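**Q** sequence and predicted model, in that order:
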Amino acid sequence: MDFNDFLKNSPQHNAVASVVLLVVVVLLRFILRRAVLRNVSQPELRLKWLVNIRNGLLIGFVLGLGSIWAEALRPFAVSVVALAVAFVIATKELIQCVSGSVVRATGKFYSIGDRIEIGGYRGDVIDQSLLSTTILEVGPGRAFHMYTGRTVTFPNSLLLTAPVLNESSTDRYVVHAFMIPLRADEDWKRAEAILLEAAGVECAPFLEDAKNHMEMLEHTHGFASPSAEPRVAVQISDPGSIRLMLRIPCPVGRQGRIEQAILRRFLGKFHGENESGKG
(Lines give C-alpha, C1' and ligand atoms only; values in the text may rest on other atoms or scores of the structure.)
Protein backbone atom coordinates (compact mmCIF):
# COMPACT_ATOMS: atom_id res chain seq x y z
CA MET A 1 0.00 0.00 0.00
CA ASP A 2 1.52 3.32 -1.10
CA PHE A 3 0.96 6.70 0.58
CA ASN A 4 -1.84 7.74 -1.79
CA ASP A 5 -3.73 4.52 -1.09
CA PHE A 6 -3.27 5.18 2.60
CA LEU A 7 -4.80 8.65 2.26
CA LYS A 8 -7.74 7.18 0.38
CA ASN A 9 -8.29 4.63 3.12
CA SER A 10 -10.46 6.85 5.25
CA PRO A 11 -10.70 4.75 8.47
CA GLN A 12 -6.93 4.30 8.76
CA HIS A 13 -6.28 7.96 7.95
CA ASN A 14 -8.86 9.09 10.49
CA ALA A 15 -7.43 6.77 13.14
CA VAL A 16 -3.92 8.18 12.68
CA ALA A 17 -5.28 11.74 12.74
CA SER A 18 -7.18 10.98 15.95
CA VAL A 19 -4.02 9.66 17.62
CA VAL A 20 -2.07 12.74 16.51
CA LEU A 21 -4.82 14.98 17.87
CA LEU A 22 -4.72 13.15 21.21
CA VAL A 23 -0.95 13.55 21.45
CA VAL A 24 -1.19 17.27 20.64
CA VAL A 25 -3.88 17.78 23.30
CA VAL A 26 -1.87 15.91 25.94
CA LEU A 27 1.28 17.92 25.13
CA LEU A 28 -0.64 21.20 25.21
CA ARG A 29 -2.13 20.31 28.58
CA PHE A 30 1.31 19.44 29.95
CA ILE A 31 2.88 22.68 28.65
CA LEU A 32 0.03 24.96 29.78
CA ARG A 33 -0.18 23.27 33.19
CA ARG A 34 3.54 23.80 33.81
CA ALA A 35 3.28 27.42 32.67
CA VAL A 36 0.41 28.10 35.08
CA LEU A 37 2.14 26.38 38.02
CA ARG A 38 5.30 28.43 37.39
CA ASN A 39 3.80 31.85 36.71
CA VAL A 40 0.58 32.02 38.77
CA SER A 41 1.27 32.26 42.50
CA GLN A 42 -2.25 32.92 43.85
CA PRO A 43 -3.80 29.50 44.70
CA GLU A 44 -7.39 30.44 43.80
CA LEU A 45 -6.41 31.94 40.43
CA ARG A 46 -4.07 29.01 39.71
CA LEU A 47 -6.86 26.49 40.35
CA LYS A 48 -9.24 28.48 38.12
CA TRP A 49 -6.72 28.47 35.24
CA LEU A 50 -6.03 24.73 35.58
CA VAL A 51 -9.74 23.86 35.51
CA ASN A 52 -10.37 26.13 32.49
CA ILE A 53 -7.42 24.63 30.60
CA ARG A 54 -8.62 21.09 31.28
CA ASN A 55 -12.19 21.83 30.21
CA GLY A 56 -11.13 23.85 27.14
CA LEU A 57 -8.79 21.14 25.85
CA LEU A 58 -11.47 18.48 26.43
CA ILE A 59 -13.99 20.45 24.37
CA GLY A 60 -11.37 21.06 21.66
CA PHE A 61 -10.52 17.34 21.55
CA VAL A 62 -14.18 16.34 21.16
CA LEU A 63 -14.73 18.94 18.41
CA GLY A 64 -11.54 17.80 16.66
CA LEU A 65 -12.65 14.16 16.68
CA GLY A 66 -16.00 15.20 15.25
CA SER A 67 -14.28 17.10 12.44
CA ILE A 68 -11.93 14.19 11.61
CA TRP A 69 -14.64 11.52 11.47
CA ALA A 70 -17.42 13.67 9.97
CA GLU A 71 -16.79 12.56 6.36
CA ALA A 72 -16.61 8.88 7.25
CA LEU A 73 -19.80 9.00 9.28
CA ARG A 74 -21.82 11.01 6.78
CA PRO A 75 -23.15 7.94 4.83
CA PHE A 76 -24.55 6.56 8.06
CA ALA A 77 -26.28 9.80 9.08
CA VAL A 78 -29.79 8.65 8.21
CA SER A 79 -29.54 5.37 10.06
CA VAL A 80 -27.92 7.11 13.01
CA VAL A 81 -30.99 9.31 13.58
CA ALA A 82 -32.96 6.47 15.13
CA LEU A 83 -30.01 5.52 17.28
CA ALA A 84 -29.58 9.16 18.30
CA VAL A 85 -33.16 9.32 19.56
CA ALA A 86 -32.61 6.21 21.67
CA PHE A 87 -29.28 7.60 22.85
CA VAL A 88 -30.89 10.87 23.95
CA ILE A 89 -33.51 9.00 25.94
CA ALA A 90 -30.90 6.75 27.54
CA THR A 91 -28.54 9.60 28.38
CA LYS A 92 -31.13 12.17 29.42
CA GLU A 93 -29.40 12.90 32.74
CA LEU A 94 -26.00 13.38 31.08
CA ILE A 95 -27.51 15.77 28.53
CA GLN A 96 -29.16 17.74 31.33
CA CYS A 97 -25.78 17.94 33.10
CA VAL A 98 -24.12 19.33 29.98
CA SER A 99 -27.05 21.74 29.49
CA GLY A 100 -26.67 22.89 33.08
CA SER A 101 -22.97 23.47 32.46
CA VAL A 102 -23.81 25.62 29.41
CA VAL A 103 -26.36 27.59 31.46
CA ARG A 104 -23.76 28.10 34.20
CA ALA A 105 -21.14 29.33 31.74
CA THR A 106 -23.43 31.67 29.82
CA GLY A 107 -25.16 33.00 32.93
CA LYS A 108 -21.92 33.32 34.92
CA PHE A 109 -23.62 31.84 37.98
CA TYR A 110 -20.35 31.13 39.80
CA SER A 111 -16.68 30.38 39.28
CA ILE A 112 -13.83 28.73 41.18
CA GLY A 113 -13.54 30.16 44.70
CA ASP A 114 -17.12 31.48 44.95
CA ARG A 115 -19.23 30.56 47.97
CA ILE A 116 -22.59 29.28 46.76
CA GLU A 117 -25.74 27.61 48.04
CA ILE A 118 -27.84 25.36 45.80
CA GLY A 119 -30.33 22.62 46.56
CA GLY A 120 -29.51 22.63 50.27
CA TYR A 121 -25.74 22.43 49.65
CA ARG A 122 -23.47 25.31 50.67
CA GLY A 123 -19.74 25.77 50.25
CA ASP A 124 -16.81 27.10 48.22
CA VAL A 125 -16.48 25.95 44.60
CA ILE A 126 -13.21 24.05 44.15
CA ASP A 127 -13.85 22.24 40.85
CA GLN A 128 -16.27 22.32 37.92
CA SER A 129 -16.59 20.21 34.79
CA LEU A 130 -19.12 19.54 32.04
CA LEU A 131 -21.06 17.13 34.24
CA SER A 132 -20.62 18.19 37.86
CA THR A 133 -19.50 20.82 40.36
CA THR A 134 -17.57 20.13 43.57
CA ILE A 135 -17.75 22.38 46.61
CA LEU A 136 -15.94 22.37 49.94
CA GLU A 137 -18.83 22.30 52.39
CA VAL A 138 -19.36 25.21 54.81
CA GLY A 139 -21.72 25.12 57.75
CA PRO A 140 -23.60 23.72 59.45
CA GLY A 141 -26.49 25.79 58.07
CA ARG A 142 -26.37 29.42 57.04
CA ALA A 143 -25.42 30.69 60.48
CA PHE A 144 -21.89 29.25 60.40
CA HIS A 145 -18.99 29.83 58.03
CA MET A 146 -16.63 27.05 59.07
CA TYR A 147 -15.46 24.24 56.79
CA THR A 148 -16.96 20.87 57.75
CA GLY A 149 -14.13 18.92 56.11
CA ARG A 150 -16.48 17.32 53.57
CA THR A 151 -16.72 17.86 49.82
CA VAL A 152 -20.05 17.82 48.01
CA THR A 153 -20.30 16.98 44.31
CA PHE A 154 -23.63 17.68 42.61
CA PRO A 155 -24.64 17.16 38.95
CA ASN A 156 -24.91 20.30 36.85
CA SER A 157 -28.46 19.28 35.97
CA LEU A 158 -29.39 20.74 39.35
CA LEU A 159 -28.74 24.20 37.85
CA LEU A 160 -31.80 23.71 35.62
CA THR A 161 -34.21 23.23 38.54
CA ALA A 162 -32.74 24.94 41.63
CA PRO A 163 -31.85 28.59 42.26
CA VAL A 164 -28.20 29.45 42.96
CA LEU A 165 -27.29 31.75 45.85
CA ASN A 166 -23.83 33.24 45.25
CA GLU A 167 -22.42 34.83 48.41
CA SER A 168 -19.37 36.07 46.48
CA SER A 169 -21.23 37.89 43.70
CA THR A 170 -19.63 41.26 44.57
CA ASP A 171 -16.11 39.73 44.20
CA ARG A 172 -14.46 41.46 47.20
CA TYR A 173 -17.10 42.37 49.78
CA VAL A 174 -20.48 41.02 50.83
CA VAL A 175 -23.10 42.31 53.23
CA HIS A 176 -23.34 39.91 56.15
CA ALA A 177 -26.15 39.83 58.74
CA PHE A 178 -26.67 37.86 61.94
CA MET A 179 -29.05 37.93 64.92
CA ILE A 180 -28.50 38.45 68.64
CA PRO A 181 -31.45 37.46 70.88
CA LEU A 182 -32.23 39.36 74.10
CA ARG A 183 -34.81 38.99 76.82
CA ALA A 184 -37.52 41.64 76.82
CA ASP A 185 -36.39 42.92 80.26
CA GLU A 186 -32.77 43.52 79.11
CA ASP A 187 -31.56 46.98 78.11
CA TRP A 188 -31.70 46.60 74.34
CA LYS A 189 -30.63 50.22 73.70
CA ARG A 190 -27.36 49.68 75.55
CA ALA A 191 -26.93 46.34 73.78
CA GLU A 192 -27.45 48.09 70.44
CA ALA A 193 -24.82 50.72 71.26
CA ILE A 194 -22.28 48.08 72.38
CA LEU A 195 -22.99 45.99 69.28
CA LEU A 196 -22.44 48.94 66.94
CA GLU A 197 -19.26 49.84 68.80
CA ALA A 198 -17.93 46.28 68.46
CA ALA A 199 -18.84 46.20 64.77
CA GLY A 200 -17.11 49.54 64.20
CA VAL A 201 -13.89 48.30 65.81
CA GLU A 202 -13.78 45.04 63.82
CA CYS A 203 -14.81 46.62 60.50
CA ALA A 204 -12.58 49.70 60.79
CA PRO A 205 -9.55 48.21 58.93
CA PHE A 206 -11.54 47.67 55.71
CA LEU A 207 -14.62 49.90 56.08
CA GLU A 208 -13.38 52.67 53.78
CA ASP A 209 -12.34 50.19 51.09
CA ALA A 210 -15.75 48.50 51.38
CA LYS A 211 -17.51 51.85 50.87
CA ASN A 212 -15.46 52.54 47.75
CA HIS A 213 -16.16 49.05 46.42
CA MET A 214 -19.93 49.39 46.92
CA GLU A 215 -19.89 52.79 45.20
CA MET A 216 -17.95 51.30 42.30
CA LEU A 217 -20.54 48.52 41.93
CA GLU A 218 -23.36 51.08 41.95
CA HIS A 219 -21.65 53.12 39.25
CA THR A 220 -20.71 50.10 37.11
CA HIS A 221 -23.96 48.12 37.26
CA GLY A 222 -26.44 50.95 37.73
CA PHE A 223 -28.19 49.60 40.83
CA ALA A 224 -28.43 51.00 44.33
CA SER A 225 -25.72 49.22 46.29
CA PRO A 226 -26.20 48.47 50.01
CA SER A 227 -24.68 50.82 52.55
CA ALA A 228 -21.31 49.75 53.92
CA GLU A 229 -21.94 51.29 57.36
CA PRO A 230 -22.72 48.79 60.16
CA ARG A 231 -26.39 49.00 61.09
CA VAL A 232 -28.68 47.40 63.66
CA ALA A 233 -32.36 46.59 63.15
CA VAL A 234 -34.63 45.73 66.10
CA GLN A 235 -37.13 42.88 65.77
CA ILE A 236 -39.74 41.50 68.15
CA SER A 237 -40.30 37.81 67.49
CA ASP A 238 -42.59 37.25 70.50
CA PRO A 239 -43.63 39.27 73.60
CA GLY A 240 -40.85 37.81 75.71
CA SER A 241 -37.83 38.45 73.50
CA ILE A 242 -36.12 41.04 71.33
CA ARG A 243 -33.71 40.35 68.48
CA LEU A 244 -31.00 42.69 67.25
CA MET A 245 -30.02 42.09 63.63
CA LEU A 246 -26.57 43.45 62.81
CA ARG A 247 -25.69 44.09 59.17
CA ILE A 248 -22.04 44.70 58.28
CA PRO A 249 -19.75 44.63 55.21
CA CYS A 250 -17.29 41.74 55.13
CA PRO A 251 -14.46 40.69 52.85
CA VAL A 252 -15.48 37.57 50.95
CA GLY A 253 -14.54 34.45 52.92
CA ARG A 254 -14.06 36.22 56.26
CA GLN A 255 -17.69 36.47 57.38
CA GLY A 256 -17.39 33.79 60.04
CA ARG A 257 -14.21 35.16 61.63
CA ILE A 258 -15.50 38.74 61.78
CA GLU A 259 -18.86 37.61 63.17
CA GLN A 260 -17.13 35.64 65.93
CA ALA A 261 -14.87 38.58 66.80
CA ILE A 262 -17.87 40.95 67.08
CA LEU A 263 -19.87 38.48 69.17
CA ARG A 264 -17.02 37.91 71.60
CA ARG A 265 -16.38 41.63 71.95
CA PHE A 266 -20.11 42.29 72.47
CA LEU A 267 -20.64 39.49 75.00
CA GLY A 268 -17.53 40.45 76.95
CA LYS A 269 -18.69 44.04 77.40
CA PHE A 270 -22.46 43.64 77.66
CA HIS A 271 -22.57 40.72 80.10
CA GLY A 272 -19.35 41.77 81.82
CA GLU A 273 -20.88 45.13 82.76
CA ASN A 274 -24.09 43.42 83.87
CA GLU A 275 -22.22 41.10 86.25
CA SER A 276 -20.03 43.91 87.62
CA GLY A 277 -23.16 46.00 88.18
CA LYS A 278 -24.79 43.20 90.11
CA GLY A 279 -21.69 42.77 92.22
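**A** Cool, got the structure.

**Q** so in the chain, which helix runs the longest?
**A** Ranked by residue count, the top helix of the chain under DSSP state H comes out as helix 188-221.

**Q** give me the mean pLDDT for the helix or strand harbouring residue 17.
**A** Using DSSP states H and E, residue 17 sits in helix 10-39. Averaged across helix 10-39, pLDDT comes to 87.

**Q** what do you get for stretch 55-68?
**A** For stretch 55-68, mean pLDDT rounds to 87.

**Q** buried stuff in that stretch?
**A** Buried positions in stretch 55-68, judged by neighbour count with 16 or more other CB atoms under 10 Å: 57, 61, 64, 68. Bear in mind the C-beta positions are built from the backbone N, C-alpha and C, glycine included.

**Q** now, which of those sits nearest residue 260?
**A** residue 57 (42.5 Å; CB to CB).

**Q** ok, that closest one - contacts?
**A** Going by CB atoms under 8 Å, 6 or more residues apart in numbering, residue 57 touches 25, 28-29, 32.

**Q** residues of the helix holding residue 17 that come out buried?
**A** In helix 10-39, counting by 16+ other CB under 10 Å, buried: 14, 21, 29, 32, 36.

**Q** now do the helix or strand just after it and helix 10-39, the angle between them.
**A** Following helix 10-39 in sequence order, the next helix or strand is helix 43-73 (DSSP H and E). On the basis of axes from the mean of the first three to the mean of the last three CA atoms, to 10 degrees, helix 43-73 is oriented at 170 degrees to helix 10-39.

**Q** mind checking how far helix 43-73 is from the chain centre?
**A** Relative to its chain's centre, helix 43-73 lies at 22 Å (CA atoms, centre = their mean, to the nearest Å).

**Q** so where's the stretch 101-250 of the chain shaky on pLDDT?
**A** Along the stretch 101-250 of the chain, the model assigns pLDDT under 70 to residues 140-145, 168-171, 217-226.

**Q** now the contacts of residue 57 in CSV, with distance to residue 267?
**A** Formatted as CSV, the contacts of residue 57 follow (distance: CB to CB, whole Å):
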residue, distance to residue 267
25, 58
28, 56
29, 53
32, 51
